[in-house]
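Peer 1: predicted coordinates and the sequence they were generated for:
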Amino acid sequence: MRVFAGGISTETNTFSPMPTGLRDYKIVRPGDEVESGTMTAFDQFESCTLERNWEYAFGLYAGAQPAGVTTRNTYEGLRDELLSRLQEAMPVDIVLLGLHGAMVADGYDDCETDIIQRVRKIVGPAAKIGVELDLHCDVTQSMIDTADAIVLYKEYPHTDVANRAADLFNIVADAAEGKTNPTMALFDCRMIGLYLTPNEPLRSLVDDLLAREGKDGILSISLVHCFPWGDVPTCGAQALAITDGDPQQAARVAEEVGRKFFAMRRELDQVPWSIEEALDKALAAASAPVVIADRADNAGGGAPSDSTFMLKAMLERGIDNAGLAMIWDPVAVQVAISGGAGANLDIRLGGKMGPMSGDPLDLNVIVAGIAEDMVQEWPQQGDPMRIPCGDSVCLHCNGIDIIVSSRRVQPFSPDVFTNFDIDVASKRILVVKSAQHFYAGYAPVASEIIYMAAPGAVAPRYTEIPFKRVDLHKYPWVDDPFA
Ligand SMILES: [Zn+2]
């Protein structure tokens, strides 16, 4: 068998003030040196292929940190390069695509469907196409009709990228060998939200899906969580089932699982706290450190990660013994590095990307630490991913350690503090600009986790998202859209 793999991936926040252009994509071509953390799915595809003594051809992978809509030239250029590499690799028996599922480009509401359809035209009806997606995606009927198997991450935080890549490989490989005949069905859950898989009741549902796979003709079951900050008509949660040759069973399983997911909607819909409420709660806590997630400014959801609303409130309330990570401000990093460790500087920090970021803060700070090419390790099932943050600094201001990075990235682990010798356990409050990916790293040290809704590009209260193109006959706009 001959396997081809490749993909283009980003999560598009259509409300973000920043376009996504060619320079925002890390592009990996065959033979390129790879920054760790970028190729997890493809490493898995490759090792599974080689284990079977099959031939593996890697085409191209391009991935960008979530931001606004990808420019048309960028998307079409990357897509055409991927397709031409597939053309060169022909004939192939299996195509494995590592995509996101919520990528929007100028002129393309749904880049993934476009890619899958064009791949099918090249490989013909006999080859098997498998697609791995982030669970923050929208799955379309055309994807289901065109691909042979689609498998999503099951965990949020996404700690199972490699495991799901292996699941996908096995399903598609068995199909290519004629052992199975995967058939897929979708069920529309008529809700929009962000769903945290470590928390009950969702934890038990995800565990139940994992337990059912590989038995009674069920090959795979995925929850399609949706990406709430993509204003495209397909936005919404779904359930996706793959069975062996039984489309009715696939439809039944998708509906059964989708209705269970929908029935949890009120429990899953945690209304986040305002800035003042979050700080009140944290200050009243009996033990420390309390971790406050500033979800609205999560770089991983396409936000600038330079908003100042929370830092301003903390300074105004005189909160000390606290840490905040990370403000994206390459100019401030450069100024701090020029000043050097220990320098006392007047610095203008954050608030540069527009009204969603608030005003810049003029602060007197001590440069408490400098970390060139800082890296953080993100805990995963298996090996941790190493995530680069670029040159970073710790600025100390009135008892708050503010971590500032030159690369726009969320804090996936306490490394962003410990790299500066900050003892996270001794802090009263740690603020992380992240929606949920911080969880695996911070839950073991946090006395409590508070989810906060500050202003920002990733508005955590769904009914405040300024949708224009989504049919909102869905929860939470309508309590029971099935009634
Ligand atoms: Zn995601």
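Peer 2: Right, received. Where do you want to start?
Peer 1: in the host helix or strand of Arg118, what counts as buried?
Peer 2: Assigned by DSSP states H and E, Arg118 falls within helix 111-123. Neighbour-count burial for helix 111-123 flags Cys111, Glu112, Thr113, Asp114, Ile115, Ile116, Arg118, Val119, Arg120, Ile122, Val123 (criterion: 16 or more other CB atoms under 10 Å). For the C-beta atoms, the positions are set from N, CA and C on the backbone; glycine is no exception.
Peer 1: any idea how far Asn364 is from the ion?
Peer 2: 38 Å (CB to the ion, to the nearest Å).
Peer 1: which of the helices or strands spans the closest residue to that residue other than its chain neighbours?
Peer 2: Closest residue to Asn364 apart from its sequence neighbours, by CB to CB, 6 or more residues apart in numbering: Asp346 at 5.5 Å. Using DSSP H and E, Asp346 sits in strand 344-349.
Peer 1: and that strand, which residues are buried?
Peer 2: Using 16+ other CB under 10 Å as the test for burial, strand 344-349 gives Leu345, Ile347, Leu349.
Peer 1: which single one of those is nearest to the ion?
Peer 2: Leu349 (28.3 Å; CB to the ion).
Peer 1: is it true that the closest one touches Ile403?
Peer 2: No. Assessed by CB atoms under 8 Å, Leu349 is found out of contact with Ile403, at 11.5 Å.
Peer 1: which neighbours do those two share?
Peer 2: Common contacts of Leu349 and Ile403 (CB atoms under 8 Å, 6 or more residues apart in numbering): Ile327.
Peer 1: state the pLDDT value of Gly318.
Peer 2: Looking at Gly318, its pLDDT reads 97.
Peer 1: and for the residue most central in space within the chain, nearest residue in space, chain neighbours not counted?
Peer 2: Centroid check for the chain by CA atoms, centre = their mean gives Gly300 as the closest residue, at 5.6 Å. Take Gly300 and drop its neighbours on the chain: the residue closest to it by CB to CB, 6+ apart is Gln410, 4.6 Å away.
Peer 1: what separates the one you found from the ion, distance-wise?
Peer 2: Distance from Gln410 to the ion, counting by CB to the ion: 11 Å.
Peer 1: and that residue, how many neighbours does it have?
Peer 2: The number of residues packed near Gln410 is 31, by other CB atoms under 10 Å.
Peer 1: my read: it touches Asp297, true?
Peer 2: No. With contacts counted by CB under 8 Å, Gln410 stays clear of Asp297, the gap being 9.1 Å.
Peer 1: what touches both of these two?
Peer 2: Applying CB under 8 Å, 6+ apart, one finds that Gln410 and Asp297 are jointly contacted by Ser305, Lys433.
Peer 1: the residue in the chain positioned nearest to the ion: what's it in contact with?
Peer 2: Nearest residue of the chain to the ion: His136, at 3.5 Å (CB to the ion). Listed by CB under 8 Å, 6+ apart, the contact set of His136 reads Glu11, His100, Gly101, Ala102, Tyr156, Leu194, His225, Cys226, Phe227.
Peer 1: okay, and it sits in which element?
Peer 2: Following DSSP H and E, one finds His136 outside all helices and strands.
Peer 1: can you report phi and psi for it?
Peer 2: For His136, the backbone dihedrals (degrees, to the nearest 10) come out as phi -90, psi 60.
Peer 1: what pLDDT is listed against the closest residue to it other than its chain neighbours?
Peer 2: Leaving aside its chain neighbours, His136 sits nearest to Phe227 (4.2 Å; criterion: CB to CB, 6+ apart). pLDDT for Phe227: 97.
Peer 1: does Ile347 touch Ser338 like I think?
Peer 2: No. Using CB under 8 Å, Ile347 is not in contact with Ser338, being 10.9 Å away.
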